[in-house]
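[1] Need coordinates for the below:
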Amino acid sequence: MVPARTNVPAGIPRSKVKYSMLPSTEDGHMDPQKDTLPESPAKVPYKAITCFALQFLIGAVLLITGCLLLAGYLSEAGPSRAIAILIVGILVLLPGFYHLLIACKAHRGCPGYSYQDLPDCGD
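    Okay, the predicted model is just below:
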């Protein structure tokens with residue numbers, strides 16, 4: 001004889017548990033065409049992509065400037081100023097690069113990427 005299964009956390013036998021239907025807001029009708037309709041094309045957030053491109057370019061310029069200052073090609077400002085510019089350049093470049101990468105993959109249609117993954121820049 002097989003023992004009756006129980007609801008482990010409560011210790012209630014399965015035969016004593018009462019089940020009921022969850023309340024539904026729909027009338028239960030499923031439209032098969034709803035699943036086959038093509039999705040409307042996603043709106044491209046041009047303003048956000050422009051902001052990320054500018055962020056990437058500013059970060060790249062700051063990074064190059066910091067490297068040139070550290071090497072002593074631009075001025076003898078010292079390594080403390082060059083390292084500060086390098087840190088700011090990296091902090092500006094990385095988010096711009098990341099969001100541009102998401103935008104490029106969404107444009108190419110790679111699975112798992114969409115324009116909705118980009119932050120809203122006041123569009």
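
[2] What is the burial count for Lys105?
    15 (other CB atoms under 10 Å). In this view, the C-beta of every residue, glycine as well, is placed from N, C-alpha and C.

[3] what about the helix or strand hosting it, average pLDDT?
    If you go by DSSP states H and E, Lys105 is part of helix 79-108. Average pLDDT, helix 79-108: 94.

[4] What is it packed up against?
    helix 46-71 (3 or more CB pairs under 8 Å, 6 or more residues apart in numbering; DSSP states H and E).

[5] Just the angle for the helix holding Lys105 relative to helix 46-71, thanks.
    150 degrees (axes from the mean of the first three to the mean of the last three CA atoms, to 10 degrees).

[6] List the buried residues in helix 79-108.
    Neighbour-count burial for helix 79-108, counted by 16 or more other CB atoms under 10 Å, picks out 82, 85-86, 88-89, 92-93, 96, 99-100, 102-103, 106.

[7] Tell me the secondary structure at Tyr19.
    coil (DSSP: H, G, I helix; E, B strand; the rest coil).
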